[in-house]
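S.K.: Would you be able to build a 3D model of this:
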Amino acid sequence: MQQFIEKYREQIVGMLTGFDRLVFRGSLRRLNASFFDPTRQVVVAKGMEEYCWQNQILFKNYGDHVRRTSEKLKSRSLQPYRDGGIPIEFVRDMSVDKDKLAWGIATEKGIRSGPACAISALEPSPSFDYIKSRLVRRTRPCHVLYHYQIHPELGWMYARIQTWFPFNIQIGLNGREWLARQMDREGLHYQQQENCFPWIENYPRAQELLSQQLQTNWAELLQKFVPQLNPAHEEIFARYPADYYWTCYQSEWATDMVFRDAEFLKRLMSFLTPHGMLSFSSADVLRYFGKRVNQSGKIPASFQGQLQTNLREYREGERVKYWLEGNSAKFYDKAYTEKGSVLRAAETTINNVSVFRSYRPKEGGPEEDLQWRQMRKGVADLNRRAEISQHANERLVNALASVDDSRRLEELTAPLQQPVTWKGRRVRALRPWAEDKDLLVAVNHGDFLVNGFRNRDLQILLYGEPAETKAEKRIRSAAISRKLRMLRAHGIIRKVSQTHRYHVAPDARTVLVAILTSSRTTLQQINELQRKAA
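M.R.: Predicted coordinates for the structure are as follows:
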């Protein structure tokens, strides 16, 4: 993404690239083993049946055993919250934002570390049932528990467990929250706004800390939450040992660029948004995700996936998002503060890993048999996810570097067409394409480039013939003086010190040229420019 950085290097004060949101899931693979029975047209829960055999539980008594086990799990899981007076909330409405609810509770209670609250709810979950003398797989409403906490290492996060067999776990954390705790331990000062950093004392060091997250032993880290969620796990599986297999359900890899000037970023977004919506073809989006296109630049006939582009407006700004086969890439402005403003220049979200490849051995096969195989959801391929996401971010950011962000005529002239106050008095707006056009032509006259112009010089150009009487001369001089005052108030001209001469201000020369050029441009010329651009 060096092209983009070089283009805006005067404005970009820092950059961070790494994990944002991460959602992990843990499942007991041994317990979840199953097969399809074609005679009964059901999926038989082989693992659950073996669990019952090992624990001498009749299939017909499965329901009673599950209820007793579930009550034991809920009681022990919530006991530390009861003992510590930590809030426990039951949510009936599935549409409630649990993260927002938990954060509100933590803020109200002034919790800065440790457990924040527990939230229980009913959610559709994969489970088992006793049907026709067999245990079969089915989806049913199950009671789940969310443990929200401010973890000393990971920051704000949650861990959820399904309290009904097979006790599936989901853990959600954020790489930026994690980074904040890393910087706290280093004594590195920063300003955080939600999940981004408008200012960091040392961006290169912060990037080093963020990159260290890739060295994590994910299975070991996630396994630590199992005893908190289910203190009875070892007891439940004493006769049928079952360990959790950890997968990454969703990963977000974000590239944040911090801009010095908020107004500069807002203006840049006004170009990036239409550029991202209108300039990128479906083939371009395929390239962002590392997909091949034909040499002609067209989408291969073999591609059968779904691709979408979407624009959405937020309170903070605008977001352009591209979807491809369940995965997405997007860019948006994230935060505006006095210390810095954040452009999330690219954020790649991977939900569907089956469309990517990983250079790895076959599961259960010899370690030296390395081949490009379908990527796995397991945390073993998480670093490969990060690599693919980084490449997608780089392609998208480099594509954004081609945006034409030159100043538009509307931007140049908008301030001139507004009244201003100068030396305590109101000065009317300029009308550059109406009665003030001749005045702008006059001050932009080539003869005035070196020595400037005086009141009398403008009189000659604007009136054509000399005044016939002294009274008329005074009237003309006063009228020109008012026009000069108006031009000075709008920053078009500047007075040469200790003289009666004026020069066009350097910044205003471009504005004058743009106005006068546009006034001379014909409709045919405009149509020709549009045809060439297309």
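S.K.: Do I have it right that residue 132 meets residue 40?
M.R.: Yes - under the criterion of Cβ atoms under 8 Å, residue 132 makes contact with residue 40 at 6.5 Å. Any C-beta I mention is one placed from the backbone N, CA and C, and that applies to glycine too.
S.K.: Can you pick out the residue with more neighbours from those two?
M.R.: Higher neighbour count among residue 132 and residue 40: residue 40, with 13 against 8, using other Cβ atoms under 10 Å.
S.K.: Can you name the residues that contact that one?
M.R.: With contact taken as Cβ atoms under 8 Å, 6 or more residues apart in numbering, residue 40 is in contact with 132, 134.
S.K.: in the chain, which helix has the most residues?
M.R.: Across the chain, the longest stretch assigned as helix under DSSP state H is helix 62-83.
S.K.: Following element in sequence after that one, please.
M.R.: The element immediately downstream of helix 62-83 (helix or strand, assigned by DSSP states H and E) is strand 88-91.
S.K.: Just the residues contacting that next one, thanks.
M.R.: Against strand 88-91 from outside (Cβ under 8 Å, 6+ apart): 78, 81-82, 98, 101, 105, 117-121.
S.K.: Neighbouring strands of that strand in the sheet, and parallel or not?
M.R.: strand 114-131 (parallel) (DSSP bridges).
S.K.: for the very next helix or strand once past the strand it pairs with, packing partners?
M.R.: Using DSSP H and E, the helix or strand that follows strand 114-131 in sequence is strand 134-151. Packing partners of strand 134-151 (3 or more Cβ pairs under 8 Å, 6 or more residues apart in numbering; DSSP states H and E): strand 42-44, helix 46-54, helix 62-83, helix 98-109, strand 114-131, strand 155-162, helix 226-229.
S.K.: Which pLDDT does the model give residue 532?
M.R.: Residue 532 is assigned 56 on the pLDDT scale.
S.K.: where along the stretch 401-534 of the chain do the helices fall?
M.R.: Taking DSSP state H, counting those that start in this stretch as the test, the helices found in the stretch 401-534 of the chain are 409-413, 437-443, 455-463, 470-489, 506-520, 523-533.
S.K.: Actually, the stretch 201-350 of the chain.
M.R.: Using DSSP H, counting those that start in this stretch, helices in the stretch 201-350 of the chain cover 203-212, 218-223, 226-229, 233-236, 262-278, 282-288.
S.K.: Give the residue farthest from the middle of this protein.
M.R.: Within the chain, residue 469 marks the point farthest from the mean C-alpha position, 70.5 Å out by Cα atoms, centre = their mean.
S.K.: got a list of what it touches?
M.R.: Neighbours of residue 469 in contact, by Cβ under 8 Å, 6+ apart: none.
S.K.: before we move on, the earlier item: mind putting the helices of the stretch 401-534 of the chain in TSV, distance to residue 34 and mean neighbour count included?
M.R.: Output for those, formatted as TSV (distance: least, Cβ to Cβ, whole Å; neighbours: other Cβ atoms under 10 Å):
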stretch	distance to residue 34	mean neighbour count
helix 409-413	63	14
helix 437-443	80	17
helix 455-463	91	17
helix 470-489	80	15
helix 506-520	70	14
helix 523-533	59	9
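S.K.: quick check, distance from the longest helix of the chain to the centre of its chain.
M.R.: 39 Å (Cα atoms, centre = their mean, to the nearest Å).
S.K.: Could you list the buried residues of that helix?
M.R.: Using 16 or more other Cβ atoms under 10 Å as the test for burial, helix 62-83 gives 62, 66, 69-70, 72-74, 76-78, 81.
S.K.: ok so, going back, tell me which of the helices of the stretch 201-350 of the chain lies nearest to residue 137.
M.R.: Shortest distance between residue 137 and the helices of the stretch 201-350 of the chain, using Cβ to Cβ, is found for helix 233-236: 19.2 Å.
S.K.: So which elements touch that closest one?
M.R.: If contacts are counted by 3+ Cβ pairs under 8 Å, 6+ apart, helix 233-236 sits against helix 62-83.
S.K.: before we move on, back to that, and the longest helix of the chain with strand 114-131, angle?
M.R.: Interaxial angle, helix 62-83 versus strand 114-131 (axes from the mean of the first three to the mean of the last three Cα atoms, to 10 degrees): 170 degrees.
S.K.: Give me the average confidence score over helix 62-83.
M.R.: According to the model, helix 62-83 has a mean pLDDT of 94.
S.K.: are any of the contacts of strand 88-91 buried, and which?
M.R.: Neighbour counting by 16+ other Cβ under 10 Å classes 78, 81, 98, 101, 105, 117-121 among the contacts of strand 88-91 as buried.
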